[in-house]
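Novice: I'd like to go over a predicted model; first the sequence, then the structure.
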Amino acid sequence: MNYDRTNFAPLSHSRVEPGELRFHWCAPLDSGQQKATEKYRVGELDFDGMVDFCQEADALGVDSLLMGIADYMPDPLPMIGALVRETENVTFILAYRPGLLSPTLFTQVVNTISWMSDGRIALNLVAGISPAEQAGYGDFVAHDGRYARTQEFLDICHRFWGGEKPLSYEGDHYVIKEAALGLGYQGGGRPEIYLSGASEIAQETAAMYGDCWLRYGDTPEGMGAAARPVLDKGTRVGTRMHVLARETRAQALADLAAMQENPDEKHREWVAQVVAASDSEAVKTSFRLAEQAADDWLSPMIYSGFVPYRGGPALCVVGSYQEVADYLYQYKAAGISEFIFSGWPTRDEMRIFYTHVLPLIRERERRLG
């Protein structure tokens with residue numbers, strides 16, 4: 001079923017005007033990694049640091065914060081439940097995998113958070129990137145089957161948000177009998193839905209059930225070509241990347257070089273093992289792009305050398321404030337309307353981007369439309 005978004009629109013708390021690019025940020029594992037080439041800090045959670053990070057993002061005017069999911073990370077659901085009470089305006093994008101919770105319980109949790117946050121929750125549904133990791137959760141469904149399950153999952157969620165009660169459903173992956181949730185989504189409607197993936201079935205799922213198709217980075221030309229089938233169906237397109245912006249290009253390149261000193265090669269080996277076990281087309285595409293890049297530059301503005309240490313999202317836009325602003329505007333011309341960024345250290349880079357780069361983009365949007 002392809003939902004008519006004009007009749008059943010999500011409730012968005014976006015801080016941008018129609019037609020403007022939307023810029024989100026990825027919340028770190030805790031208070032932030034310092035270098036691109038160091039290993040993840042696992043086995044700890046600096047929640048006070050996370051609260052402080054999110055409060056600064058709120059003050060800077062960040063549209064939304066992506067809260068990621070992986071077996072080496074803290075679970076995002078309880079953190080979002082706490083963080084919405086520590087912030088006022090920023091939306092939290094919950095990354096979650098269909099199959100971990102029943103769609104009934106998931107809808108109930110999301111609806112509850114919508115009331116706790118005045119609707120400041122969005123969803124990033126990820127079908128899963130690794131059979132090995134999925135198996136750790138007791139999930140043994142193959143790649144395309146996970147997307148088929150995601151479609152059923154979202155079909156059920158949409159029906160709940162559309163007011164169907166009681167709800168019965170019989171599919172290949174879910175059977176539900178006479179479900180009736182007492183608490184609906186705050187204000188009616190539903191959250192915005194981002195669907196991740198680079199495969200054809202991921203695009204189909206995004207166009208059927210989502211508001212925005214989200215994939216790892218590429219050049220504006222590459223993103224535009226990949227996005228065309230989704231854009232033609234009326235679905236927005238966004239990308240997940242990193243950014244390194246400085247007052248001058250020379251400063252940006254110097255900081256880039258410093259970040260490559262004393263890399264953790266054991267961490268690189270660990271990432272390579274994770275990628276080898278992955279069946280995600282998005283992950284494979286990002287590594288193929290990085291391998292094809294000349295001297296680790298996919299374009300004069302996109303550095304790919306951190307992908308082996310940080311995976312698919314680590315394609316990094318590098319340059320002066322003005323260069324980065326101009327380059328990101330090229331994505332707008334290609335039909336890309338949303339970005340989820342990170343940086344190293346991510347909190348410092350977030351501050352730099354929202355105080356120095358974003359004003360240049362907004363000024364250009366006002367000038368050129």
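Specialist: Alright, I've got the coordinates.

Novice: Tell me how many other residues crowd Trp344.
Specialist: 25 (other CB atoms under 10 Å). Placement of C-beta: from N, CA and C, glycine included.

Novice: repeat for the one 3 residues further on
Specialist: The burial metric for Arg347, expressed as a neighbour count using other CB under 10 Å, is 19.

Novice: Could you do Thr355 as well?
Specialist: For Thr355, the neighbour count with other CB under 10 Å is 12.

Novice: Now do stretch 190-202: distance to the chain's middle.
Specialist: Relative to its chain's centre, stretch 190-202 lies at 10 Å (CA atoms, centre = their mean, to the nearest Å).

Novice: Repeat that for stretch 118-138.
Specialist: On CA atoms, centre = their mean, the centre of stretch 118-138 falls 11 Å from that of its chain.

Novice: go on, stretch 289-305?
Specialist: Centroid displacement of stretch 289-305 relative to its chain, using CA atoms, centre = their mean, is 22 Å.

Novice: For it, measure first residue to last.
Specialist: End-to-end distance of stretch 289-305 (CA to CA, to the nearest Å): 11 Å.

Novice: can you check stretch 287-302 too?
Specialist: Chord length of stretch 287-302, first to last residue, is 14 Å (CA to CA).

Novice: May I see the buried residues of it?
Specialist: Neighbour-count burial for stretch 287-302, counted by 16 or more other CB atoms under 10 Å, picks out 287, 289-290, 293, 298-299, 301-302.

Novice: Restricted to helices, list those.
Specialist: Per DSSP state H, helices hold the following members of those: 287, 289-290.

Novice: what about the helices in the stretch 1-150 of the chain?
Specialist: For the stretch 1-150 of the chain, the helices defined by DSSP state H, counting those that start in this stretch cover 47-60, 76-83, 103-117, 131-136, 143-161.

Novice: mean pLDDT for the ones you listed: which is lowest?
Specialist: Among those, helix 131-136 carries the lowest mean pLDDT, a mean of 84.

Novice: biggest separation within the buried residues of stretch 287-302, which pair?
Specialist: Farthest pair in these (CB to CB) is Phe287 and Met301. Separation: 19.7 Å.

Novice: Quick check: phi and psi on the residue of the chain most remote from its centre?
Specialist: Here the chain reaches farthest from its C-alpha mean at Glu178, the gap being 33.4 Å by CA atoms, centre = their mean. Backbone dihedrals for Glu178, given as degrees, to the nearest 10, come out at phi 50, psi 50.

Novice: Might you report the residue contacts of it?
Specialist: 166-168 (CB atoms under 8 Å, 6 or more residues apart in numbering).

Novice: hey, which strand is longest across this protein?
Specialist: Secondary structure assigned by DSSP state E gives strand 236-246 as the longest strand of the chain.

Novice: Give me the helices and strands touching the helix or strand just after that strand, please.
Specialist: Where DSSP states H and E defines the elements, the next helix or strand beyond strand 236-246 is helix 249-259. Contact here means 3 or more CB pairs under 8 Å, 6 or more residues apart in numbering; DSSP states H and E; on that basis helix 249-259 packs against strand 236-246, strand 316-320.

Novice: who wins for proximity to Asp52 among the ones you listed?
Specialist: Nearest to Asp52, of all those, is strand 236-246, at 21.3 Å by CB to CB.

Novice: How far off centre is that closest one?
Specialist: 10 Å.

Novice: and it, what other elements does it pack with?
Specialist: Applying 3+ CB pairs under 8 Å, 6+ apart, we find strand 236-246 packed against strand 212-216, helix 220-231, helix 249-259, strand 316-320, helix 321-333, strand 338-342, helix 346-352.

Novice: ok, then the element right after the last one?
Specialist: Spelled out, that is helix 346-352. Next helix or strand after helix 346-352 toward the C-terminus (DSSP H and E): helix 358-368.

Novice: helices or strands up against that next one?
Specialist: Packing partners of helix 358-368 (3+ CB pairs under 8 Å, 6+ apart): helix 321-333.

Novice: quick one, the helix it packs on and helix 358-368 angle?
Specialist: With axes from the mean of the first three to the mean of the last three CA atoms, to 10 degrees applied, the angle from helix 321-333 to helix 358-368 works out at 50 degrees.

Novice: ok so, going back, and the helices of the stretch 1-150 of the chain: which comes nearest Arg268?
Specialist: Among the helices of the stretch 1-150 of the chain, the nearest to Arg268 by CB to CB is helix 131-136 (18.5 Å).

Novice: Quick one: closest of the helices and strands packed on strand 236-246 to Glu44.
Specialist: Here helix 346-352 is closest among the helices and strands packed on strand 236-246 (CB to CB), at 16.5 Å.

Novice: in that closest one, what's buried?
Specialist: For helix 346-352, by 16+ other CB under 10 Å, it's 346-347, 349-350, 352.
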